[in-house]
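In: compute the structure for the input listed below.
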Amino acid sequence: MRHLEIRQEMITVCNFMVDRGINQGTAGNISVRVEEGFLITPSGVPYPEMVPEDIVTMHIDASHVGLRKPSTEWRFHRDIMEKKPEVGAVIHLHSRYCTSLSMLRREIPAVHYMMAVAGGPTVPCVPYVTWGTQELADLILGALEDRFACLLANHGMVAVGPNLKRAAWLAVEIEALASQYWHALQIGVPYVLPDEEIAHVAERFKSYGQGDDGARRIMPSCC
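Out: Numbers count the residues shown, from 1 in each chain. The predicted structure follows:
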């Protein structure tokens with residue numbers, strides 16, 4: 001089967017997110033760019049039951065090939081893949097703390113310097129519209145114009161990266177920031193770092209780690 005390794009990696013990430021407790025059931029979806037367009041998880045298939053043959057191949061024209069129907073959220077995956085060539089993978093989760101904040105229609109402010117990995121001083125929250133619609137896809141694409149993650153009001157979150165490993169890493173980081181912000185709100189009003197500090201941290205992250213000898217850097221390579 002073509003793309004077998006990528007399909008298996010997608011299933012592994014889906015199950016990792018469930019095991020980590022930041023996704024559940026059949027919620028959320030994942031896509032990965034390939035030559036034909038992108039691979040996307042199927043609609044309504046529980047992650048523990050998913051096999052490589054269930055992953056759907058989609059083209060930018062919205063046609064698809066496979067035994068299953070694609071995720072009902074394929075529109076925003078397609079639009080991100082079409083409009084943002086630097087993105088190689090998209091992850092959508094109904095993670096606990098990101099979703100909780102989205103129910104309050106709150107963005108995540110720069111309450112920790114790690115906000116720099118989101119591409120700016122906030123993780124914005126797009127307005128609520130029905131899932132699976134082109135209107136939602138348009139809102140998400142707009143929010144990701146200068147960010148790598150956003151919240152979806154009363155819904156969940158989206159994170160992108162140059163590859164699946166980096167998108168999954170970012171999704172975990174954004175959920176951690178949401179959790180820290182949520183917990184701090186239980187005590188008082190968190191202090192928000194100024195925009196210039198987040199920009200300064202982003203620059204410092206560019207030289208984080210062991211250099212250019214293959215070691216992972218903290219910022220996505222598309223930054």
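
In: other SSEs contacting the lengthiest helix in the chain?
Out: Using DSSP state H, we find that the single longest helix of the chain is helix 164-185. Judged by 3 or more Cβ pairs under 8 Å, 6 or more residues apart in numbering; DSSP states H and E, helix 164-185 is in contact with helix 4-20, strand 89-93, helix 96-103, strand 149-152, strand 156-161. C-beta: built from backbone N, CA, C; applies to glycine.

In: of these, which is nearest residue 143?
Out: Closest of the helices and strands packed on helix 164-185 to residue 143 is strand 149-152, at 3.9 Å (criterion: Cβ to Cβ).

In: quickly run through the sheet partners of the closest one, with directions.
Out: Strand pairing for strand 149-152, determined by DSSP bridges: strand 125-126 (parallel), strand 156-161 (antiparallel).

In: give me the contacts around it.
Out: For strand 149-152, the surrounding residues in contact (Cβ atoms under 8 Å, 6 or more residues apart in numbering) are 98, 101-102, 106-108, 118-119, 123-126, 128, 136, 139-140, 143-144, 157-160, 170-171, 174, 178.

In: any idea how far residue 193 is from the spatially most central residue of the chain?
Out: Against the mean C-alpha coordinate of the chain, by Cα atoms, centre = their mean, the closest residue is residue 159 at 1.7 Å. Shown here: residue 159 relative to residue 193, a distance of 21 Å by Cβ to Cβ, to the nearest Å.

In: swap in residue 123?
Out: According to Cβ to Cβ, residue 123 and residue 193 sit 14 Å apart.

In: intersection of neighbour lists for those two?
Out: Common neighbours of residue 123 and residue 193 (Cβ under 8 Å, 6+ apart) are residue 115.

In: higher neighbour count, those two?
Out: Between residue 123 and residue 193, counted using other Cβ atoms under 10 Å, residue 123 has the larger neighbour count: 29 against 18.

In: name the nearest residue to the more buried one, sequence neighbours excluded.
Out: residue 108 (4.0 Å; Cβ to Cβ, 6 or more residues apart in numbering).

In: what's near enough to touch the one you found?
Out: Neighbour list for residue 108: 98, 101, 115, 118, 122-123, 151, 174, 177-178, 181 [criterion: Cβ under 8 Å, 6+ apart].

In: and with 7 Å instead?
Out: 101, 122-123, 177-178, 181 (Cβ atoms under 7 Å, 6 or more residues apart in numbering).

In: how about residue 34?
Out: Residue 34 sits next to 3, 6 when contact means Cβ under 7 Å, 6+ apart.

In: that one pairs with what?
Out: Residues in a beta bridge with residue 34, per DSSP bridges, are residue 37.

In: against residue 5, how distant is it?
Out: Look at residue 34 and residue 5: by Cβ to Cβ, they are 11 Å apart.
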